[in-house]
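[1] Sequence and predicted model, in that order:
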Amino acid sequence: MSSQASKTLEVFDNPNRARDYVIQIELPEFTCLCPKTGQPDFATLHLEYIANKDCVELKSLKMYVWSFRDEGAFHEAVTNQILEDLVAATNPRFMRLKAIFNVRGGVYTTVIAEHQQSGWQPKPSVDLKHI
């Protein structure tokens, strides 16, 4: 696999399709360009998903994220585009992308976008507390 930026997201078979389990990925080095000023915008991306048939391969995800470095994009648009591309590649049961952009001009932006597969319902949450 190349170490060049790429829009290609590779996948591999979910090793346990019978179970709903959460995959969490943190990508602290996301950058794109402000479409108004051309200045760089920096963000940490928090991806969490429940896979269906496929999981995203991590190196291809890193190269995909790098592909935005020279592109102008509003925070809202780029967050939703990344989610759409990941959903198209993996068809997850559930996926959430949270993009936390660094301060620019005294303003912080956080964008959260979600996808839920039609007909899929989450199982009830279990809260294990220490007594």
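    Right, received. Where do you want to start?

[2] If you count neighbours, what's buried in the longest helix seen in the chain?
    Among the elements of the chain assigned as helix by DSSP state H, the one spanning the most residues is helix 75-90. Judged by neighbour count using 16 or more other C-beta atoms under 10 Å, the buried positions of helix 75-90 are His75, Val78, Thr79, Ile82, Leu83, Leu86, Val87, Ala89, Thr90. Heads up, the C-betas are built off the backbone N, CA and C, glycines and all.

[3] Give me the nearest residue to Glu71, chain neighbours excluded.
    Leaving aside its sequence neighbours, Glu71 sits nearest to Cys32 (C-beta to C-beta, 6 or more residues apart in numbering; 5.6 Å).

[4] And the contacts of the helix or strand that contains the one you found?
    In this structure, Cys32 sits in strand 22-33 according to DSSP states H and E. Contacts to strand 22-33, defined as C-beta atoms under 8 Å, 6 or more residues apart in numbering, come from residues 39-51, 55-56, 58, 61-62, 65, 68-73, 78, 99.

[5] shaky segments in the chain?
    In the predicted model of the chain, residues 1-2, 131 satisfy pLDDT under 70.

[6] What segments of it are helices?
    Taking DSSP H as the criterion, the chain carries its helices at 58-66, 75-90.

[7] Could you turn the buried ones of the contacts of strand 22-33 into a ChimeraX selection?
    In ChimeraX, selecting the buried portion of the contacts of strand 22-33, with burial taken from 16+ other C-beta under 10 Å, looks like this:
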select :41,43,45,46,47,48,49,50,51,55,56,61,65,68,73,78,99
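
[8] related to what we said a few turns ago, the inter-axis angle of the longest helix of the chain versus strand 22-33?
    The directions of helix 75-90 and strand 22-33 differ by 130 degrees, with axes from the mean of the first three to the mean of the last three C-alpha atoms, to 10 degrees as the criterion.

[9] gap between helix 75-90 and the chain center?
    7 Å (C-alpha atoms, centre = their mean, to the nearest Å).

[10] Fine by me, thanks again.
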